[in-house]
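Chemist: no sequence on this one, just coordinates:
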Ligand code: NIG
């Protein structure tokens, strides 16, 4: 077992949960951000953090020369398994057309026709882009297959990539859109998703998701899919309140979903319902490093790049935090509404446009994502956490917002291994 000492850290955001202040839940304390710090990685985990002057000896040493170190981004919402391009749809939107979920069908056609090898190469390329931008924990979804065989193929690919350590979490999104071959037979498709398709896909994924929105699945259909997923042992996620008050938030909070994502259109009652879920038990359970899928609050996951790319009203992240709701920031990388995996850009946007402080945005993109994925091993740099480091070419993390759009990712370690 070799150890590596990393020094020359001007600002170290451990966000260590052991240093949370119970009187100020969700807030970052001074002790969670160390100046002039060092850390030691051993066996892929954080073994020590502290003042540089007290650093212990190690087998190898790296001097970062006075740079800020953050936990790697935890991107809890992406759709990486797809082929095809929808630049024309995007251009039309910038010319005034509004987003309609119909483009999912265009991507579904392209994805169904892609070979297994090509699809795998595409996903690997997208993962590499995400990691190059500081993402070290990454969820992805099926949802551009929409037949039993094509959803199974996407789930098997995602699951293989989880086994290989390329991805971290896989989600079944057969309920993304009613495919055109089921036009006028939506209920038959819902029965298929919650029946045969779920049975085939469930062994390969940890989560089930549904697009609860007018034009996709109504709350009753969404509930059928989610309840079937829960009965199959999957954790619940919801695309909700993206285009209107779809009922997705109400459903997610009622069923104990781990996350409801988008949340652009919220009434006071939705915000209250989300905040109320923070009272749920978060006691660790299940495998080490993971919580039971239903232990904890329904996290409101906001998707700033998607809001920009669809010219939607920004999700009310400020109001959600003020009400005490748990908030995560994710990229929603997909070919329709958010063709970017740049989490730093999302964090910058959350600060500049959604009125979060840097500490709030940074925490939402690390610990928030981890909570939305019910993981305790990522999103922070406490002792025993996965050694997932995002080194900025800047002395302080505020430079992410102060220098918007600049390529500030300097070096990335994932599970203790420096990424190319
Ligand atoms: O999260 N809203 C539903 N699903 C994706 C968009 C899918 C698409 O348009 O291809 C999202 O934004």
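Modeler: Yep, that arrived. These numbers come from a predicted model, not from an experiment.

Chemist: and the stretch 251-400 of the chain, which residues reach the ligand?
Modeler: Remark: the part of the stretch 251-400 of the chain in contact with the ligand comprises 306, 332, 334-337, using Cβ under 6 Å from any ligand atom. C-beta: built from backbone N, CA, C; applies to glycine.

Chemist: Among these, which pair sits farthest apart?
Modeler: Farthest pair in these (Cβ to Cβ) is 306 and 335. Separation: 12.0 Å.

Chemist: In this structure residue 238 contacts residue 213, no?
Modeler: No. The pair residue 238 / residue 213 is not scored as a contact, 9.9 Å apart, by Cβ atoms under 8 Å.

Chemist: before we move on, the earlier item: may I ask which of the residues of the stretch 251-400 of the chain next to the ligand has the most neighbours?
Modeler: Neighbour counts for these, by other Cβ atoms under 10 Å, peak at residue 332, which reaches 30 neighbours.

Chemist: Next, residue 362: secondary structure please.
Modeler: On the three-state scheme (DSSP: H, G, I helix; E, B strand; the rest coil), residue 362 is labelled helix.

Chemist: circling back: list residues touching both of residue 238 and residue 213?
Modeler: Common neighbours of residue 238 and residue 213, counting by Cβ atoms under 8 Å, 6 or more residues apart in numbering, are residue 248.

Chemist: Look at these two and report which has more neighbours.
Modeler: The neighbour comparison of residue 238 against residue 213 (other Cβ under 10 Å) goes to residue 238, with 34 against 23.

Chemist: Can you verify the more buried one is assigned to a strand?
Modeler: Yes. Assessed with three-state DSSP, residue 238 lies in a strand.

Chemist: who's in contact with it?
Modeler: Counting by Cβ under 8 Å, 6+ apart, residue 238 touches 209-210, 212, 222, 226, 248-249, 251-252, 257, 259-261.

Chemist: cutoff 7 Å now
Modeler: Residue 238 is in contact with 209-210, 212, 248, 251-252, 257, 260-261, counting by Cβ atoms under 7 Å, 6 or more residues apart in numbering.

Chemist: Okay, and the beta partners of it?
Modeler: Residues in a beta bridge with residue 238, per DSSP bridges, are residue 210, residue 260.

Chemist: Roughly how far does it sit from residue 60?
Modeler: Distance check for residue 238 against residue 60: by Cβ to Cβ, to the nearest Å, it reads 45 Å.

Chemist: Over to residue 408?
Modeler: Residue 408 is 25 Å from residue 60, where distance means Cβ to Cβ.

Chemist: Those two: who's more crowded?
Modeler: Each of residue 408 and residue 60 has its neighbours counted (other Cβ under 10 Å); residue 408 has more, 22 against 10.

Chemist: and the nearest residue to the more buried one once chain neighbours are set aside, how many neighbours?
Modeler: Once flanking residues are discounted, residue 408 sits nearest to residue 392: 4.8 Å by Cβ to Cβ, 6 or more residues apart in numbering. Here the count is done by other Cβ under 10 Å, and residue 392 has 25 residues near it.

Chemist: correct me, but residue 55 touches residue 9?
Modeler: No. Taking contacts as Cβ atoms under 7 Å, residue 55 lies outside contact range of residue 9: 10.1 Å.

Chemist: anything in contact with each of these two?
Modeler: With contacts defined as Cβ under 7 Å, 6+ apart, the residues adjacent to both residue 55 and residue 9 are residue 38.

Chemist: So which of those two has more stuff around it?
Modeler: The neighbour count for residue 55 versus residue 9, taken as other Cβ under 10 Å, is higher for residue 9 (25 against 18).

Chemist: Partner strands of the helix or strand hosting the more buried one, with direction?
Modeler: Using DSSP states H and E, residue 9 falls within strand 3-13. Take DSSP bridges as the rule and strand 3-13 pairs in its sheet with strand 33-42 (antiparallel), strand 60-71 (parallel).

Chemist: and the stretch 1-150 of the chain, which residues reach the ligand?
Modeler: Counting by Cβ under 6 Å from any ligand atom, the stretch 1-150 of the chain comes close to the ligand at 79, 101, 103-104, 107.

Chemist: Return the distance of the one residue in the chain that gets nearest to the ligand relative to residue 367.
Modeler: Proximity of the chain to the ligand (Cβ to the nearest ligand atom) peaks at residue 336, 2.3 Å away. Using Cβ to Cβ, residue 336 is found at 28 Å from residue 367.
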